[in-house]
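Undergrad: Take a look and give me a structure for this.
(2 chains)
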Amino acid sequence: MAARAASRTTTVAGTLEQLLATKEIAISCGSGGVGKTTTAAAAGAMAAAQLGGKVLVLTVDPARRLANALGLEKFGNVERRVPDELFHAVGVDPRGELYAAMLDTKESWDALVRTHAPDPQTRDAILANPLYKNITGKFVQSHDYIAMERLHEIHVSGRYDLIVVDTPPTRNAIDFLEAPERMADFFSSRLLRWLITPYRSRLVNAASRPFYNVADRILGSQFLEDIAEFFVLFQTMYDGFVERARAVTRTLEDRRTTFMVVSTLEEAPVREAEFFIDALDGRGFHLGALVLNKVLPSYLLDDDAAAVAEVLHRKAGPIAEEIANTDLGEPDHVARVLREVGESFLNYRVVATREAEQRKELGRVPDVVASAPFFETDIFDLSGLLRLGESIWR
Amino acid sequence: MTSVPVDLLDRRLLFVTGKGGVGKTSIAAALALLASTRGKRTLVCEVDAKGNLADFFEAEPNRFEPQELSPGLFAMAMNTEESLKEYLKLQLKVPLLARIGPFARSLDFVANAAPGVKEILTVGKLFWEVREQHYDLVVVDASATGHIIGQLAAPQAINELVKVGRIRDQTRWMVDLLSDPRTTGAVIVATPEEMPVTETLELVDRMRAETQVDLAAVIVNKVLPELFGRGEEETFDRLREPEFVSVLSQAAGSPVEPVLDAAELAVTLRRTRTEHITRLRHELPPNVALLYVPYLFTRTHGVRATRNLAESLGAELGH
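TA: Numbers count the residues shown, from 1 in each chain, chains lettered A, B, ... in the order given. Got it, this is the predicted structure:
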């Protein structure tokens, strides 16, 4: 805490531009539906356009949103260059190069196994193990780890000056932060080794017999053998894996890495953002920026405007009479329009007021706080990304 | 896949999912409230570790042990550790918990690190409640679109992995309940925006391809009100002309522009959103029920808002 306070006084309250100019990895996080992916892509596009260098936007979201946002059909596990023509088409001459990649969980796991397997036989046996296939293909938590693992791999390759990462929508916002550690713990666990010993030696000792009796009843021996085979095989990659998981953790903690917390001003996302800010702080990660999306226009908070809306709503009839001696239409018709206009303002004002309160309640915030307005249309292409990017950049 | 239309609330187990931020939890809360007011003994369960389901009822945070919030409406929070303990005790009748100490510990460990275990402990508990007929309806505030497939596919996946033994027996009846459209249905919540609609359509495809769960309904949440009726938008456009702006400002005593700007924003938002609803309607399989609930311009999301939502849903469902 003390260190943070000190760093705050020395850092000039900055902009996203300044932040990203000094970092190599920016991780965009926050609850679902707040524009996390879009914000990551927008920040990446701005960095490529303005800062120069090679910028990669890496999305790890299984729902494949970034492909959509960049107007690309699909980009798979390989990094693809976003054509300069797309920038030129919206009148921007980028100083750098923008790349995009999406995480393919299965492919990434396979690549990891290929890297760490001691020999081709082990490699093939792992890739063919039914448990392995199910783990990598179907199950949820394997995303969290592999996402951070892949980020690390790309980072050490040195191919990019800046990598902007979108995080998976985890059940618990900090799951992915802890994934590397959890993975290392798992592989170094005594319990795990104990679990697979009988399969290795084919000898069940007295101490573990009750366990195997119960496990057999529940799981069946075949499954136990599948599990055991899987872990015995994985043990051969133990050192590589644990070392790797630790390296991934170090990457996240590195001072060249920063986190952008993204939120809207709705109740639940704001609470999630606060939780996230605390979690990052507590773990010593660098909290770089808070980006607030879909912020309603401030004129909705204006008291004079609200008074006007009240008048239009309540006195729609008399006012309509007053201006009806034109070609506007029947007074009743005009009055209906005025009433709607007044009411709509008051409706949105309720939401804007609620959001302003949420904004005030946000306690500690990072040096960079950026707000993006409520765009009338969705962001689904580069021009939209740049428009969003402009609003949060400086 | 059978396509017998079954009334949403006549099913026994509903998994409510959707992209993050669409109001999945508030819809789950409203569905449960609606069912309970229609005389069904209802359990609503949140799966997310940091869920805020209780806020929608202005109740104490949920625990694993269900609490009765209002007559016939019970709420609980999933906890896989508790679920495992209950499973070992009730279903396996493991007599001496002490003897399986190491087993429980290592399973707990595996549950945290190895994929799939948490999912099966989650859905297993829910299916257990359904099979034991403790409730007429169980509503699950389930995982978001990115994670729901893993949850729904877990029984089948474990079933394929484990060839014999008790787990195999357990997953078999779960798969049976899961794939029976009279028992289980998935509800996808979307808002009329680009990404939520796209993710909903993707999820519909994946659900068909990778799970055996029947899609019970798609609920479009936060539908904005139509501001203007026939010919009124033209009148509104005329009112933006300088002469009327000054007359209106005079009549109201202050500049009227912000109010007109706000109305214009409302109209634009409504129009963009309508396009997304149209796309959703066109691209969903024709037999999927589509329900609409309005955006609530309220100050908080307490029990009053939940009741409003439940009423809107009730009107959409009929009866």
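Undergrad: for the residue nearest to residue B:7 when sequence neighbours are not counted, what are its contacts?
TA: The spatial neighbour of residue B:7 that comes closest, neighbours along the chain excluded (C-beta to C-beta, 6 or more residues apart in numbering or on different chains), is residue B:317 at 7.5 Å. For glycine as for every other residue, the C-beta is placed from the backbone atoms N, C-alpha and C. Going by C-beta atoms under 8 Å, 6 or more residues apart in numbering or on different chains, residue B:317 touches B:7, B:8, B:9, B:34, B:291.
Undergrad: which element is the last one on?
TA: Same thing as residue B:291. If you go by DSSP states H and E, residue B:291 is part of strand B:289-294.
Undergrad: Keeping just the C-alphas, turn that strand into CSV.
TA: Extracted in CSV, the C-alpha atoms of strand B:289-294 (Å, rounded to 0.1, in the frame of the first residue of the first chain):
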residue,chain,number,x,y,z
ALA,B,289,-39.9,-19.4,-28.1
LEU,B,290,-38.9,-15.7,-28.0
LEU,B,291,-40.0,-13.7,-25.0
TYR,B,292,-39.5,-9.9,-24.6
VAL,B,293,-39.1,-8.0,-21.3
PRO,B,294,-38.7,-4.2,-21.1
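Undergrad: What are the buried residues along it?
TA: Using 16 or more other C-beta atoms under 10 Å in any protein chain shown as the burial criterion, the residues of strand B:289-294 that qualify are B:289, B:291, B:292, B:293.
Undergrad: got those as TSV, with distance to chain A columns?
TA: What follows is those, written out as TSV (distance: C-beta to the nearest C-beta, whole Å):
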residue	distance to chain A
B:289	23
B:291	20
B:292	18
B:293	16
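Undergrad: Which of these sits closest to residue B:234?
TA: In terms of C-beta to C-beta, no member of the buried residues of strand B:289-294 lies closer to residue B:234 than residue B:292, at 26.4 Å.
Undergrad: OK, now which residue of the stretch 1-150 of chain A is nearest to chain B?
TA: Ranking the residues of the stretch 1-150 of chain A by distance to chain B (C-beta to the nearest C-beta) places residue A:32 first, at 1.4 Å.
Undergrad: Just the terminal-to-terminal distance for stretch B:7-14.
TA: 11 Å (C-alpha to C-alpha, to the nearest Å).
Undergrad: List the contacts of that stretch.
TA: Contacts of stretch B:7-14 from elsewhere in the structure, counted by C-beta under 8 Å, 6+ apart, are B:31, B:34-35, B:38, B:40, B:126-127, B:130, B:136-140, B:177, B:181-187, B:216-217, B:289, B:317.
Undergrad: number of nearby residues for residue A:349?
TA: Residues contacting residue A:349 under the criterion other C-beta atoms under 10 Å in any protein chain shown number 22.
Undergrad: so it touches residue A:299, yeah?
TA: No. The pair residue A:349 and residue A:299 fails to qualify as a contact (C-beta atoms under 8 Å) at a distance of 9.6 Å.
Undergrad: Could you pull out the residues contacting both of these two?
TA: In contact with both residue A:349 and residue A:299: residue B:262, using C-beta under 8 Å, 6+ apart.
Undergrad: For the residue sitting nearest the centre point of chain A, what are phi and psi?
TA: Residue closest to the mean C-alpha point of chain A, counted by C-alpha atoms, centre = their mean, is residue A:167 at 3.0 Å. For residue A:167, the backbone dihedrals (degrees, to the nearest 10) come out as phi -100, psi 150.
Undergrad: ranges for the helices of the stretch 1-150 of chain A?
TA: Listed in chain order, the helices of the stretch 1-150 of chain A (DSSP state H, counting those that start in this stretch) span A:2-10, A:16-21, A:36-46, A:65-69, A:84-89, A:105-116, A:120-128, A:130-138, A:142-157.
Undergrad: Could you list the domains of chain A?
TA: Residue ranges for the domains of chain A, per automatic domain parsing: A:2-118+A:141-180+A:254-296+A:374-393, A:300-360.
Undergrad: what's the most buried one of those domains?
TA: Most buried of these by mean neighbour count (mean count of other C-beta atoms under 10 Å in any protein chain shown) is domain A:2-118+A:141-180+A:254-296+A:374-393; its value is a mean of 20.
Undergrad: how close does the residue nearest to residue B:7 get to chain A?
TA: To chain A, residue B:317 is 25 Å away according to C-beta to the nearest C-beta, to the nearest Å.
Undergrad: give the contact list for the closest residue to chain A within chain B.
TA: As assessed by C-beta to the nearest C-beta, chain A sits closest to residue B:20 within chain B, at 1.4 Å. Contact criterion C-beta under 8 Å, 6+ apart gives A:31, A:32, A:33, A:34, A:169, B:144, B:145 as the residues in contact with residue B:20.
Undergrad: In the residues you listed, find the pair that's most separated.
TA: Using C-beta to C-beta, the two most remote members of these are A:34 and B:145, lying 14.8 Å apart.
Undergrad: Tell me how far the residue nearest to the centre of chain A lies from residue A:279.
TA: Separation of residue A:167 from residue A:279 (C-beta to C-beta, to the nearest Å) stands at 12 Å.
Undergrad: thinking again about what came up before, let me know the secondary structure of the residue of chain B closest to chain A.
TA: Under the three-state scheme (DSSP: H, G, I helix; E, B strand; the rest coil), the conformation of residue B:20 reads as coil.
Undergrad: other SSEs contacting whichever strand or helix holds residue B:263?
TA: Element membership for residue B:263, per DSSP H and E: helix B:257-283. Packing partners of helix B:257-283 (3 or more C-beta pairs under 8 Å, 6 or more residues apart in numbering or on different chains; DSSP states H and E): helix A:303-314, helix A:331-361, helix B:194-210, strand B:214-223, helix B:232-239, helix B:242-252, strand B:289-294.
Undergrad: Most distant residue from the centre of chain B?
TA: Furthest out from the centre of chain B (C-alpha atoms, centre = their mean) sits residue B:243, at 49.5 Å.
Undergrad: Next, find the distance separating that one from residue A:254.
TA: Summarising the geometry, the distance separating residue B:243 from residue A:254, computed by C-beta to C-beta, is 62 Å.
Undergrad: With residue A:122 instead?
TA: According to C-beta to C-beta, residue A:122 and residue A:254 sit 32 Å apart.
Undergrad: just the helices in the stretch 51-200 of chain B please.
TA: Along the stretch 51-200 of chain B, the stretches classed as helices by DSSP H, counting those that start in this stretch are B:80-86, B:101-113, B:117-131, B:145-161, B:166-178, B:194-210.
Undergrad: Now do the buried residues in the fifth one.
TA: It stands for helix B:166-178. B:166, B:167, B:168, B:170, B:171, B:174, B:175, B:177, B:178.
Undergrad: Over to the third one?
TA: When burial is assessed from 16+ other C-beta under 10 Å, helix B:117-131 yields the following buried residues: B:117-130.
Undergrad: Fine, thanks again, bye for now.
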